[in-house]
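> missing the sequence, but the structure's below:
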């Protein structure tokens with residue numbers, strides 16, 4: 001077992017294709033052509049075809065993709081779920097949209113009552129039936145998803161994404177020819193004036209060449225992620241609820257909901273397991289370019305207090321998955337023993353400490369509970 005199980009290990013994914021990457025990067029360097037060239041044009045064609053859409057407009061980042069889409073589709077106002085990254089509403093706001101931050105359903109998705117939302121396909125989850133009717137989608141986590149015919153999808157190719165470059169990159173795919181043409185003007189592909197709103201946001205030839213190679217491997221990487229999620233589902237204790245709930249989910253991030261999240265994260269870190277929270281603070285509690293700061297959105301607040309992202313990436317070993325699952329089980333077994341030694345009174349533990357986890361999850365968060373016992377492996381091998 002390595003000293004640290006990383007949240008993501010790009011070297012494991014890149015190592016098998018390193019020679020291909022080196023060769024194509026070398027070809028770009030030898031060509032002397034680094035912007036607005038054949039590699040970008042070819043990647044746009046290939047990514048549009050993979051997504052089942054007619055047009056692809058590449059740009060510098062997923063945030064810029066949202067800006068271009070909002071501007072081209074003339075989105076004046078839109079709703080964004082409070083449990084996502086701040087980059088989603090920031091990108092839309094830069095494109096001219098007035099942002100309203102809204103609460104989420106218990107499953108972390110936008111509700112059916114919203115008429116002008118931009119659903120975020122968090123963690124690589126497929127959109128719900130209610131979300132499917134919207135026009136713009138933040139698909140930064142959802143490589144492998146085929147957008148609906150009416151959809152305009154905004155993508156990020158940040159290095160850690162399921163399809164990631166060796167630097168920043170983004171794109172918009174759409175079937176709308178007028179919107180596609182306007183987005184090409186808005187992203188500033190040359191030094192000519194096209195529109196007063198235009199920005200300079202381009203993908204370079206090296207990133208496009210890298211993404212063209214990686215696109216060939218995307219189906220196998222998606223399958224590996226599905227297999228990893230299946231192993232986690234089989235091994236995690238019941239108190240760790242896997243967020244993925246559909247056979248169509250793509251598992252860019254392996255996210256669980258748990259009680260005592262902060263304590264569990266610290267416990268895993270002390271045992272060499274890297275984790276992260278996507279995202280720790282709901283948007284309405286941030287001072288961003290929206291008008292909904294500081295009001296209460298209770299479901300999003302509970303969501304952000306209870307989620308934790310576990311290691312999930314191509315090349316993650318089954319023994320590592322079992323080790324992480326055993327640590328989580330051991331954490332809650334130790335918590336249960338602590339609760340047995342310190343029975344609660346009127347819902348509170350002695351000395352005023354909040355109750356540790358129970359079988360019925362409320363996701364209301366808990367404070368410090370000492371958990372020093374080693375994990376129980378419950379008969380499973382972690383060799």
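Here it is on my side, so go on. Please read these numbers as outputs of a predicted model, since none were measured by experiment.
> any low-confidence regions in the protein?
Low-confidence segments of the chain (pLDDT under 70): 1-2, 292-294, 343-383.
> at 50 what do you get?
Low-confidence segments of the chain (pLDDT under 50): 345-360, 362, 365-383.
> Show me how it divides into domains.
Annotated domains of the chain cover 10-214, 222-352 [automatic domain parsing].
> Pick the most deeply packed of those domains.
Across the domains of the chain, averaging neighbours per residue (mean count of other Cβ atoms under 10 Å) puts domain 10-214 on top, at a mean of 20. (Each C-beta comes from the backbone N, C-alpha and C, glycine too.)
> Between the two ends of that one, how far is it?
12 Å (Cα to Cα, to the nearest Å).
> One more: stretch 99-112?
OK, stretch 99-112 end separation, Cα to Cα: 18 Å.
> cool, and stretch 246-258?
End-to-end distance for stretch 246-258: 19 Å, by Cα to Cα.
> So which residues of the stretch 151-300 of the chain form strands?
Chain-ordered strands for the stretch 151-300 of the chain, with DSSP state E, counting those that start in this stretch as the definition, fall at 152-156, 170-174, 241-242, 254-257.
> Same list (the domains of the chain) but as CSV, adding distance to residue 4.
As requested, the domains of the chain are arranged in CSV below (distance: least, Cβ to Cβ, whole Å):
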stretch, distance to residue 4
domain 10-214, 13
domain 222-352, 5
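> Quick one, which of these gets closest to residue 3.
Proximity to residue 3, assessed across those by Cβ to Cβ, is greatest for domain 222-352 (5.7 Å).
> ok now that closest one, how far from the chain's centre?
Averaging C-alpha positions (Cα atoms, centre = their mean, to the nearest Å) puts domain 222-352 14 Å from its chain's average.
> How about stretch 90-110?
For stretch 90-110, the distance to the chain centre is 15 Å (Cα atoms, centre = their mean).
> what's the straight distance from one end of it to the other?
End-to-end distance of stretch 90-110 (Cα to Cα): 18 Å.
> Test my guess that residue 72 contacts residue 184.
No: between residue 72 and residue 184 there is no contact under Cβ atoms under 8 Å: 9.3 Å.
> Run through the neighbouring helices and strands of the host helix or strand of residue 326.
Using DSSP states H and E, residue 326 sits within helix 318-341. If you count contacts as 3 or more Cβ pairs under 8 Å, 6 or more residues apart in numbering; DSSP states H and E, helix 318-341 packs onto helix 205-235, helix 261-270.
> looking at it, residue 164 is touching residue 170, isn't it?
No: Residue 164 is beyond contact range of residue 170, at 11.3 Å (criterion: Cβ under 8 Å).
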